[in-house]
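*Asks:* okay, predicted coordinates and the sequence, questions at the end:
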Amino acid sequence: MRLEDLRECVQKGLDSVKQEKTEIEVFASWNELITMRLNYTSDIPSGGLQEPKSSQFSGIAVSSAFSDKGKTSLGFGSQANELRPRGVTEAFRKAKRGRFYDPDFRSLPLPAGNPTLVDYHDPAVLDISDKEAVDLGWKALEGALRAFREAGIKESIIVGGDVCILKELVAIKSTTGIDTFDVSSILTAAITTMVEKEGVKGTGWATSTKLAGFDPALAGREAALSAIRTIGGKRLPPGHYEVVFGSQPITDMMANVIAPSLSLATVNASNTPFLGKLGQRVTSPNLNIYDDGSLPGQIGSKKVTCEGLPTGRTDLVQEGNLVGFLANHYLGRKFSSNVATFVPRNGFRFHGLGRTYEMQPGVFPTNLVLEGRQGVTTEELFRGIREGVYIGRIWYTYPINGLAAGDFTSTVIGDSFLIKDGQISTPLQPNAVRINDNINRVLQNIVAVGREKKAIQVWSAEEAVIAPEIRVEGVRLDGISAGTA
């Protein structure tokens with residue numbers, strides 16, 4: 001697919017329907033997701049690289065504002081697998097038929113400056129051959145197996161995970177003056193290894209926007225080494241512990257609990273623990289959080305949003321104080337006032353498989369960055385912990401009692417250790433501990449924030465979290481019954 005074809009589609013398509021004398025926006029997208037799925041077992045014959053596949057998705061969306069007897073009605077329609085003007089005509093017909101009155105609507109997005117991030121995609125990714133793509137999967141597998149061989153482990157090995165390549169092309173044109181496009185390329189590797197007889201699991205990640213900077217073998221090796229390090233893990237009695245969270249647990253909590261709470265979408269639904277707290281302290285003073293979709297080289301970066309507006313930095317928490325929310329155009333206009341303004345830098349149409357024509361712009365993060373007001377070294381992060389826990393990987397993190405309550409739970413599944421006198425000591429048994437706590441309490445009880453940060457992609461999402469290790473006191477940890485682990 002050529003970008004020129006998408007731009008021609010939105011141009012001619014808009015020309016074919018704009019005589020209706022209403023505000024109209026035409027959005028066209030084309031995505032390809034190439035997946036190399038690993039499924040290696042040492043004790044049972046397997047293909048190793050189980051399921052190389054490619055999925056393509058394309059289509060058109062039309063958003064329109066109609067004047068109905070002095071009131072403005074909104075309509076949205078889409079057409080799959082059609083990138084010609086007649087697809088725009090059909091999507092517009094659907095939008096007109098399904099229109100509804102919205103008293104909060106002001107206008108479709110208006111031009112708002114120039115993007116700072118341009119020409120950031122990698123042509124080598126867009127033109128990658130089938131053989132080159134499959135080779136990336138084999139490299140991830142070989143990286144894991146080589147690490148196991150070096151450790152003398154040859155049996156009871158399982159290696160799984162995915163190496164993915166996502167290509168995205170979008171074009172947007174509207175009667176309000178938006179006329180732009182975007183091209184992005186994302187490469188990710190998320191590898192999980194197990195030594196089944198030892199009951200241990202390890203993980204490794206690699207992300208890049210450039211083929212030359214992508215190293216899936218390193219992700220495989222990291223996954224194997226993390227499994228090896230946790231052999232002989234012990235269980236943990238329930239209680240409140242001083243915990244050092246690694247970058248992956250911080251990412252998981254951000255994606256599933258914190259970031260949704262920092263969105264105008266949840267403010268609009270009155271379903272956030274931060275409702276009515278703008279300008280107030282909501283975390284430790286030693287924490288800053290911002291979202292920046294214009295960071296060079298990060299996989300969450302885009303030139304423009306799916307509303308055609310430039311991406312950029314949105315400060316959310318500064319030295320513990322809530323200073324902003326993520327916004328799209330509609331919610332930004334609805335909630336902005338002479339007291340607070342919410343710049344719409346996060347209006348995206350993410351759906352797990354790229355930027356999709358099938359949905360209207362929601363509110364999504366891009367690159368969420370956490371950092372300390374005073375970052376410390378790893379040694380300083382652990383210093384003074386007499387008995388604590390290092391948690392390196394969690395999953396199944398979700399809010400309980402509703403997002404607004406702040407309560408959440410998560411299972412510790414690997415890469416975790418007991419801390420004794422400021423040092424990593426005994427491995428923690430995987431799937432034997434659950435976090436049961438409140439996100440407000442966790443954020444307020446931050447003791448120290450690490451200096452080094454790591455970018456990790458959220459599973460089945462496009463945003464990245466660039467997270468340090470963070471030390472928190474008084475985290476509630478409960479045991480999981482051995483029969484249910």
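*Replies:* Received, thanks. Numbers count the residues shown, from 1 in each chain.
*Asks:* from R333, how far out is E358?
*Replies:* Relative to R333, E358 is positioned 24 Å away (Cβ to Cβ, to the nearest Å). To be clear about C-beta, it is placed using only N, CA and C from the backbone, and glycine gets the same treatment.
*Asks:* between the two, who's got more neighbours?
*Replies:* R333 (17 against 14; other Cβ atoms under 10 Å).
*Asks:* wait, doesn't the more buried one sit right on D102?
*Replies:* No: in this structure, R333 is not within contact of D102 by Cβ atoms under 8 Å, at 11.6 Å.
*Asks:* where does the stretch 151-300 of the chain dip in pLDDT?
*Replies:* Of all residues in the stretch 151-300 of the chain, none has pLDDT under 70.
*Asks:* what ranges do the helices span in it?
*Replies:* 216-229, 247-253, 259-261, 264-268 (DSSP state H, counting those that start in this stretch).
*Asks:* quick one: contacts of the third one?
*Replies:* This means helix 259-261. Outside of helix 259-261, the residues within contact range by Cβ atoms under 8 Å, 6 or more residues apart in numbering are 266, 272-274, 326, 365, 368, 403, 406, 439, 463.
*Asks:* check which helix or strand A140 maps to.
*Replies:* helix 130-150 (DSSP states H and E).
*Asks:* can I get that helix in PDB? Just the C-alpha atoms.
*Replies:* Written as PDB, here are the backbone C-alpha positions of helix 130-150 (Å, rounded to 0.1, in the frame of the first residue of the first chain):
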ATOM      1  CA  ASP A 130       9.100 -12.600   4.500                       C
ATOM      2  CA  LYS A 131      12.500 -14.300   5.100                       C
ATOM      3  CA  GLU A 132      13.900 -11.300   7.000                       C
ATOM      4  CA  ALA A 133      10.800 -11.200   9.200                       C
ATOM      5  CA  VAL A 134      10.900 -14.900  10.000                       C
ATOM      6  CA  ASP A 135      14.600 -14.700  10.700                       C
ATOM      7  CA  LEU A 136      13.800 -12.200  13.500                       C
ATOM      8  CA  GLY A 137      11.700 -14.900  15.200                       C
ATOM      9  CA  TRP A 138      14.500 -17.500  14.900                       C
ATOM     10  CA  LYS A 139      17.000 -15.000  16.400                       C
ATOM     11  CA  ALA A 140      14.800 -14.600  19.500                       C
ATOM     12  CA  LEU A 141      14.500 -18.400  20.000                       C
ATOM     13  CA  GLU A 142      18.200 -18.900  19.500                       C
ATOM     14  CA  GLY A 143      19.100 -16.200  22.000                       C
ATOM     15  CA  ALA A 144      17.100 -18.100  24.600                       C
ATOM     16  CA  LEU A 145      18.400 -21.500  23.800                       C
ATOM     17  CA  ARG A 146      22.000 -20.400  23.700                       C
ATOM     18  CA  ALA A 147      21.700 -19.000  27.300                       C
ATOM     19  CA  PHE A 148      20.200 -22.300  28.500                       C
ATOM     20  CA  ARG A 149      23.000 -24.300  26.900                       C
ATOM     21  CA  GLU A 150      25.600 -22.100  28.500                       C
END
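*Asks:* any idea of the angle that helix forms with helix 216-229?
*Replies:* 30 degrees (axes from the mean of the first three to the mean of the last three Cα atoms, to 10 degrees).
*Asks:* show me what helix 130-150 is packed up against.
*Replies:* Counting contacts by 3 or more Cβ pairs under 8 Å, 6 or more residues apart in numbering; DSSP states H and E, helix 130-150 is packed against strand 23-41, strand 48-49, strand 157-174, strand 179-195, helix 216-229.
*Asks:* how far away is V339 from G279?
*Replies:* Counting by Cβ to Cβ - V339 and G279 are separated by 9 Å.
*Asks:* in terms of neighbours, single out the busier of the two.
*Replies:* When neighbours are counted by other Cβ under 10 Å, V339 and G279 differ, and G279 comes out ahead with 11 against 7.
*Asks:* before we move on, back to that, dump the helices of the stretch 151-300 of the chain to a markdown table, plus distance to I34 and mean neighbour count.
*Replies:* Below are the helices of the stretch 151-300 of the chain laid out as a markdown table (distance: least, Cβ to Cβ, whole Å; neighbours: other Cβ atoms under 10 Å):
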| stretch | distance to I34 | mean neighbour count |
| --- | --- | --- |
| helix 216-229 | 13 | 24 |
| helix 247-253 | 24 | 25 |
| helix 259-261 | 27 | 22 |
| helix 264-268 | 31 | 20 |
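*Asks:* looking at those, which is closest to A91?
*Replies:* Closest to A91 of the helices of the stretch 151-300 of the chain, according to Cβ to Cβ: helix 264-268, at 24.0 Å.
*Asks:* so which elements touch the closest one?
*Replies:* Secondary-structure packing of helix 264-268 (3+ Cβ pairs under 8 Å, 6+ apart): helix 329-335, strand 362-363.
*Asks:* closest to P238 out of those?
*Replies:* strand 362-363 (36.8 Å).
*Asks:* and stretch 402-412, which residues are buried?
*Replies:* Buried positions in stretch 402-412, judged by neighbour count with 16 or more other Cβ atoms under 10 Å: 403-404, 406-412.
*Asks:* equivalent analysis for stretch 332-349, please.
*Replies:* Applying 16+ other Cβ under 10 Å to stretch 332-349 flags 332-336, 342-349 as buried.
*Asks:* hmm, which two among these are most spread apart?
*Replies:* Maximum distance among the buried residues of stretch 332-349 (Cβ to Cβ): 22.0 Å, for S336 and R349.
*Asks:* before we move on, back to that, turn the helices and strands packed on helix 264-268 into CSV, including distance to I258 and mean pLDDT.
*Replies:* Formatted as CSV, these follow (distance: least, Cβ to Cβ, whole Å; pLDDT from 0 to 100):
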stretch, distance to I258, mean pLDDT
helix 329-335, 18, 98
strand 362-363, 14, 98
